[in-house]
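Asks: how does the following fold in three dimensions:
(chains A, B, C and D)
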Protein chains: 2
Amino acid sequence: MSETLDPPSHPAHEASPKRQAIVSAAAKLFMANGYGSVSMDAIARAAGVSKATLYAHFASKDALFATIIGGKCAAIALEGDTFLTDGEDIGVALNKIGRHLMHFLVAPETQAMLRVVISESGRFPELGAAFLRAGPEKFLARLREWFAAQHEAGRLVVPDAQIAADQFSALMRPLMFLRAMVAVPPSPTEAEIATTVDAAVTTFLRAFKPNS
Amino acid sequence: MSETLDPPSHPAHEASPKRQAIVSAAAKLFMANGYGSVSMDAIARAAGVSKATLYAHFASKDALFATIIGGKCAAIALEGDTFLTDGEDIGVALNKIGRHLMHFLVAPETQAMLRVVISESGRFPELGAAFLRAGPEKFLARLREWFAAQHEAGRLVVPDAQIAADQFSALMRPLMFLRAMVAVPPSPTEAEIATTVDAAVTTFLRAFKPNS
DNA sequence: GTCTATAGGCCGATAGAC
DNA sequence: GTCTATCGGCCTATAGAC
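Replies: Numbers count the residues shown, from 1 in each chain, chains lettered A, B, ... in the order given. Model (predicted):
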């Protein structure tokens, strides 16, 4: 990919309605079908513009894809900025966090984005790094700080909060998550998610709760 | 995909040298580059045959892809049939199992296959299910039985061996695994794998070892 | 079964009028 | 900026000779 992944870069002020229509249509199509099997014709048709207009706003299919992915990464970065609850029972708090995370991970939009990133990160080397920074690494950093605070407050015994955060997150990606990633139905139900998170929190607390 | 994933199905006895060359070349290309961006021309060239010969052995690109994936799934199913060690310290045993699994998960060949399966399971609905059966589900079933045996022997306290197996496996897919999946270097080193597995086993044993 | 040659279609990108 | 029309290339798949 010759373009950076962090733009806005190119011509026509950001808010042009046709440009917005293009971005919106392209995002939907790329997320649903990946990069290769989406044609510029299809994007132009879905956006209700001509292909020439499309190329007036984006220099190439790569550049359009980069813009879309950049936007999606920014959207993930915003996701879940206000759910690290505090001041309640540690088990309840972990349950809330876990449920929020797992819900996010198996959501169709998240799955679509993960699939695209995993599929195309070989062809677009910046893609994987931008995704990691905006998504998992950012989340893990915040969770690490939260764990460190719980450790400080004596509600958990996690001398290495980084590892604990990584392990807690990993427990939210069990077989159920793999099944969703390879598109095998049925999609996880609310009840299955709750059961799985409960089990993960139980295991986590057995390993890290203080009094024991 | 109109073809099943479990074949051998079609014409020309399995062992024709040209057919083997085609399968070998196609496997390499599909695993490295996914389905869409690999052309039948490229496969024919890499196999040293003409495109017409290719179509004499496989009715379509889809059918060829199905054969390749079927072979890969069979190969995963064979993987790791003899590593559930017994009769030693439980921590040592878990470390061996974990190291084996994590090594497998981040190996380039495994990563390539995972990427293809995740990318194409939307377009080829059988693909994800065949992969799950041959890979994770088969492995989890064997690990579950092993855990149940350890529980029986009093070396672990895992009343629900299925959940424990799922959680232990999930702990082998931490951030390091995600990083590999989105092709962000550096690849995990032997030392990083060992450290991560040690930490996972420590956490797992804190939650499930008997005497506590 | 295997080849060469090509049909027929879709794709990314552009030319030129307005 | 936006359109219509089209170029040149690559793709899957096949026809026909041997």
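
Asks: can you report how many residues neighbour the closest residue to DNA strand C within chain A?
Replies: As assessed by C-beta to the nearest atom of the strand, DNA strand C sits closest to A:S39 within chain A, at 3.2 Å. Backbone N, C-alpha and C define where each C-beta goes, glycine included. Per other C-beta atoms under 10 Å in any protein chain shown, the neighbour tally for A:S39 reads 13.

Asks: can you pull the residues of chain A lying near DNA strand D?
Replies: Residues of chain A lying close to DNA strand D (C-beta under 7 Å from any atom of the strand) are A:11-12, A:16, A:18-19, A:48-53, A:56-57.

Asks: just those residues: which are in helices?
Replies: Those of these mapping onto helices are A:18-19, A:51-53, A:56-57, per DSSP state H.

Asks: buried subset of those residues?
Replies: Neighbour-count burial (16 or more other C-beta atoms under 10 Å in any protein chain shown) is assigned, among those, to A:18-19, A:53, A:56-57.

Asks: next, the angle helix B:190-208 makes with the host helix or strand of A:T195.
Replies: Using DSSP states H and E, A:T195 maps to helix A:190-208. Interaxial angle of helix A:190-208 relative to helix B:190-208 (axes from the mean of the first three to the mean of the last three C-alpha atoms, to 10 degrees): 100 degrees.

Asks: would helix A:190-208 count as contacting chain B?
Replies: Yes: Helix A:190-208 is in contact with chain B by C-beta under 8 Å from any C-beta of the partner chain, via A:199-200, A:203-204, A:206-208.

Asks: from the residues you listed, which is closest to A:G91?
Replies: The closest of the residues of helix A:190-208 next to chain B to A:G91 turns out to be A:F204 (C-beta to C-beta; 9.3 Å).

Asks: these two touch, right, the closest one and A:L171?
Replies: Yes: contact criterion C-beta atoms under 8 Å: A:F204 and A:L171 qualify, at 6.5 Å.

Asks: tell me how many other residues surround A:Y55.
Replies: Neighbourhood size, A:Y55 [other C-beta under 10 Å]: 15.

Asks: how about the contacts made by it?
Replies: Residues in contact with A:Y55 (C-beta atoms under 8 Å, 6 or more residues apart in numbering or on different chains) are A:M40.

Asks: okay, and for chain A, where does confidence drop off?
Replies: Along chain A, segments meeting pLDDT under 70 span A:1-4, A:6-13, A:80-82, A:212.

Asks: mark out where each domain of it begins and ends.
Replies: Using automatic domain parsing, the domain parsing of chain A gives A:17-73, A:79-208.

Asks: want to try JSON lines for those, with distance to B:L64 as columns?
Replies: Below are those laid out as JSON lines (distance: least, C-beta to C-beta, whole Å):
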{"stretch": "domain A:17-73", "distance to B:L64": "18"}
{"stretch": "domain A:79-208", "distance to B:L64": "20"}
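
Asks: what helix or strand does A:I76 sit in?
Replies: Assigned by DSSP H and E, A:I76 falls within helix A:61-78.

Asks: in contact with A:M102, which residues are there?
Replies: Residues in contact with A:M102 (C-beta under 8 Å, 6+ apart) are A:172, A:177, A:193, A:196-197.

Asks: please redo it, this time with the cut-off set to 7 Å
Replies: Applying C-beta atoms under 7 Å, 6 or more residues apart in numbering or on different chains to A:M102 gives the contacts A:172, A:193, A:196-197.

Asks: again, but for A:P136
Replies: Counting by C-beta under 7 Å, 6+ apart, A:P136 makes contact with B:175, B:178.

Asks: chain A against chain B: which residues are in contact?
Replies: A:34, A:36-37, A:115, A:117-119, A:121-122, A:128-129, A:131-132, A:136, A:140, A:163, A:166-167, A:170-171, A:173-175, A:178-179, A:181-184, A:199-200, A:203, A:206-207 (C-beta under 7 Å from any C-beta of the partner chain).

Asks: make it 6 Å
Replies: Applying C-beta under 6 Å from any C-beta of the partner chain, we find that chain A lies next to chain B at A:36-37, A:115, A:117-119, A:121-122, A:128-129, A:131-132, A:136, A:163, A:166-167, A:170-171, A:173-175, A:178, A:181-184, A:199, A:203, A:206-207.

Asks: just the buried residues of those residues.
Replies: Neighbour counting with 16+ other C-beta under 10 Å marks A:115, A:117-119, A:121-122, A:128-129, A:131-132, A:136, A:163, A:166-167, A:170-171, A:173-175, A:178, A:181-184, A:199, A:203, A:206-207 as buried within those.

Asks: the residues you listed in strands, which ones?
Replies: Residues of these located in strands (DSSP state E): none.

Asks: one step back: ok, the residue of chain A closest to DNA strand C to DNA strand D distance?
Replies: 10 Å (C-beta to the nearest atom of the strand, to the nearest Å).

Asks: likewise A:V157?
Replies: Applying C-beta to the nearest atom of the strand to A:V157 and DNA strand D gives a distance of 56 Å.

Asks: quick one: contacts for that residue?
Replies: A:208, A:210 (C-beta atoms under 6 Å, 6 or more residues apart in numbering or on different chains).

Asks: one more pass at 8 Å, please.
Replies: The contact partners of A:V157, by C-beta under 8 Å, 6+ apart, come to A:151, A:208-210.

Asks: most neighbours, which of those residues?
Replies: Among those, A:F208 has the most neighbours (other C-beta under 10 Å), with 24 neighbours.

Asks: might one say that it is in contact with A:V158?
Replies: Yes: the pair A:F208 / A:V158 is scored as a contact, 5.5 Å apart, by C-beta under 8 Å.

Asks: overlap in contacts, the two.
Replies: Counting by C-beta under 8 Å, 6+ apart, the residues touching both A:F208 and A:V158 are A:A164.

Asks: which residues of chain A fall in helices?
Replies: Counting by DSSP H, the helices of chain A are A:17-33, A:40-47, A:51-57, A:61-78, A:90-106, A:108-120, A:125-132, A:138-152, A:161-171, A:175-181, A:190-208.

Asks: give the buried residues for the second one.
Replies: By neighbour count on 16+ other C-beta under 10 Å, the buried set for helix A:40-47 is A:43-44, A:46-47.

Asks: and A:P186, how many neighbours?
Replies: 8.

Asks: for it, phi and psi?
Replies: phi -80, psi 150 (degrees, to the nearest 10).

Asks: please report how far it lies from B:H151.
Replies: A:P186 sits 29 Å away from B:H151, going by C-beta to C-beta, to the nearest Å.

Asks: many thanks, have a good one.
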